[in-house]
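Student: Fold the following, please.
(one chain, ligands or ions: 2)
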Amino acid sequence: MIISVRGLRKDFTVRAKAGRFRRERRVVSAVDGVDLEVERGELLGYIGPNGAGKSTTLKMLTGVLVPSAGRVRVCGLEPVARRTRLARRIGVVFGQRSQLWWDLPLADSFELLRHVYRVPAAAHAGRLARCRDLLGLDEFAGRPVRQLSLGQRMRGELTAALLHGPEVLFLDEPTIGLDLVSKQAARSFLAELHRAGDTTIVLTTHDLADIERLCERLVVIDHGRVVHDGSIEALHARYGSRRRVVVDLEAPLAGPPELPGARLESVAADGLRLTYALTGATAGEVVARLAGAGELRDLSVVEPDIEDVVGRLYAAPTGVP
Ligand SMILES: Nc1ncnc2c1ncn2[C@@H]1O[C@H](COP(=O)(O)OP(=O)(O)OP(=O)(O)O)[C@@H](O)[C@H]1O
Ligand SMILES: [Mg+2]
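Tutor: Numbering: from 1, shown residues only. Ligands and ions are numbered 1, 2, ... in the order given. This next block holds a predicted model:
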């Protein structure tokens with residue numbers, strides 16, 4: 001396992017106002033017993049509502065924050081004790097912070113990072129060429145970072161995080177605030193990086209399209225605890241969200257048929273559109289049976305909505321539906 005986490009906790013002591021003069025010390029369990037195993041090459045979505053403990057977890061995995069309890073290993077290293085060594089083996093993009101030199105042209109930051117990490121010139125040039133190409137850096141690489149738009153800067157940050165060839169890439173909301181095109185560029189880039197196979201990626205995001213497009217495995221946390229660890233399909237199965245078949249008919253049927261493995265969800269007022277939720281049957285079986293009952297004009301299969309299921313997951317107070 002390239003990442004191994006057992007019983008990870010982080011408590012913050014906050015001083016809250018209690019009455020006019022008194023201040024009370026209160027303990028917030030930001031991360032409350034997280035277990036996590038990630039294999040090399042996985043692309044993991046680490047998601048959850050605001051304040052769930054995602055950033056706090058990532059900070060502990062990257063050695064920025066000392067855990068209150070638990071055992072963490074990233075690339076076999078204890079992140080806080082071996083922070084410098086770990087830094088050579090991981091890449092980090094935290095949406096709010098920058099690793100770029102603000103007043104220098106973006107391209108100079110890349111060159112400086114090459115020296116910081118002592119990357120051989122050929123390896124550096126190869127990685128940089130790939131990023132320039134996939135992220136379209138050339139049009140703004142000559143400009144000082146402080147003049148870049150958010151989307152341009154994020155593309156620079158992604159590049160900066162990858163130039164030393166890290167084994168694990170930690171991304172905390174890398175697409176926050178980006179427009180549609182920049183988001184898609186970042187997504188395609190990450191998908192490509194994942195396909196290439198040797199970088200493990202841990203991604204925190206509130207963007208459901210990021211999740212659908214990129215994450216085979218989702219770890220959902222809420223109030224510092226893992227409430228789901230598995231595929232998106234498993235999440236849909238757990239919350240009973242189903243694929244649907246929508247069929248338009250040439251003429252209404254006398255009575256819409258009950259079909260095995262499908263639940264009739266709705267019939268349009270004119271009787272020409274039937275919607276079935278698939279509860280076991282395949283879309284093909286449902287369509288074949290309906291075609292036997294009447295003439296079909298059109299049909300479509302609707303995938304379950306990730307937004308729906310994530311919304312329900314966040315709404316459930318303990319994460320249990
Ligand atoms: N330095 C700190 N001092 C006190 N409390 C903190 C500190 N950092 C985080 N917290 C608290 O810990 C909890 C988890 O915060 P965290 O930033 O990890 O959430 P998050 O899942 O990243 O949320 P978001 O989606 O909003 O980024 C929150 O209640 C937050 O207020
Ligand atoms: Mg956060």
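
Student: what's the helix or strand of the chain with the lowest mean pLDDT packed up against?
Tutor: For the chain, scoring each helix and strand by mean pLDDT, DSSP states H and E identifies helix 306-315 as the least confident one, at a mean of 74. Judged by 3 or more C-beta pairs under 8 Å, 6 or more residues apart in numbering; DSSP states H and E, helix 306-315 is in contact with helix 208-214, strand 217-222, helix 232-238. For the C-beta atoms, the positions are set from N, CA and C on the backbone; glycine is no exception.

Student: Do you know the pLDDT at the most centrally placed residue in the chain?
Tutor: The centre of the chain sits closest to residue 45, judged by C-alpha atoms, centre = their mean, with a distance of 3.5 Å. In this prediction, residue 45 carries a pLDDT score of 95.

Student: What is the burial count for the closest residue to it other than its chain neighbours?
Tutor: What sits nearest to residue 45 in space, not counting adjacent residues and going by C-beta to C-beta, 6 or more residues apart in numbering, is residue 215, at 3.3 Å. Residue 215 is surrounded by 23 other residues when neighbours are defined as other C-beta atoms under 10 Å.

Student: Distance-wise, check residue 215 relative to residue 42.
Tutor: Relative to residue 42, residue 215 is positioned 10 Å away (C-beta to C-beta, to the nearest Å).

Student: Also residue 274?
Tutor: Between residue 274 and residue 42 the distance, using C-beta to C-beta, works out to 40 Å.

Student: Next: residue 23.
Tutor: In this view, residue 23 and residue 42 are 44 Å apart by C-beta to C-beta.

Student: again with residue 285
Tutor: Residue 285 sits at a distance of 34 Å from residue 42 (criterion: C-beta to C-beta).

Student: who has more neighbours, the two?
Tutor: The residue with more neighbours, out of residue 285 and residue 42 and counting by other C-beta under 10 Å, is residue 42; that gives 19 against 16.

Student: Could you check the pLDDT of the closest residue to the more buried one other than its chain neighbours?
Tutor: Excluding its sequence neighbours, the residue lying closest to residue 42 (C-beta to C-beta, 6+ apart) is residue 200, at 5.7 Å. Per-residue confidence for residue 200 comes out at a pLDDT of 97.

Student: Return the set of residues that bridge with residue 200.
Tutor: Going by DSSP bridges, residue 200 is paired in beta bridges with residue 168.

Student: How about residue 8?
Tutor: When residue 8 is checked against DSSP bridges, its beta-bridge partners turn out to be residue 34.

Student: surely it meets residue 66?
Tutor: No - the pair formed by residue 8 and residue 66 falls short of the contact definition of C-beta atoms under 8 Å, at 11.4 Å.

Student: Mind listing the shared neighbours of those two?
Tutor: When contacts are counted by C-beta atoms under 8 Å, 6 or more residues apart in numbering, residue 8 and residue 66 are jointly contacted by residue 60.

Student: if you count what's nearby, which of the two comes out ahead?
Tutor: For residue 8 versus residue 66, the count of surrounding residues by other C-beta under 10 Å is larger for residue 8: 23 against 11.

Student: Specify the residue positioned farthest from the middle of the protein.
Tutor: If you look at how far each residue of the chain sits from its centre, by C-alpha atoms, centre = their mean, the farthest one is residue 254, at 47.0 Å.

Student: Could you give the secondary structure assignment for that residue?
Tutor: The assignment at residue 254 comes out as coil when based on DSSP: H, G, I helix; E, B strand; the rest coil.

Student: Distance check, it against ligand 2.
Tutor: Residue 254 sits 56 Å away from ligand 2, going by C-beta to the ion, to the nearest Å.

Student: next one: residue 250
Tutor: Spatial separation of residue 250 from ligand 2 under the definition C-beta to the ion is 53 Å.

Student: Give me the local confidence score for that residue.
Tutor: Taken from the predicted model, the pLDDT recorded for residue 250 is 94.

Student: List the contacts of the nearest residue to it once chain neighbours are set aside.
Tutor: For residue 250, the nearest residue in space outside its immediate sequence neighbours is residue 295; the separation is 4.0 Å by C-beta to C-beta, 6+ apart. If you count contacts by C-beta under 8 Å, 6+ apart, residue 295 has them with 249-251.

Student: Domains in this protein, by residue range?
Tutor: Residue ranges for the domains of the chain, per automatic domain parsing: 3-237, 242-303.

Student: With distance to residue 314 added, can I get those in TSV?
Tutor: Rendered in TSV, the data for the domains of the chain read as follows (distance: least, C-beta to C-beta, whole Å):
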stretch	distance to residue 314
domain 3-237	5
domain 242-303	20
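
Student: Out of the ones you listed, which is the most enclosed?
Tutor: Each of the domains of the chain was given a mean neighbour count from mean count of other C-beta atoms under 10 Å, and the largest, a mean of 17, is that of domain 3-237.

Student: can you map out the strands along the stretch 101-250 of the chain?
Tutor: Counting by DSSP state E, counting those that start in this stretch, residue ranges of the strands within the stretch 101-250 of the chain are 168-172, 200-204, 217-222, 225-230, 244-249.
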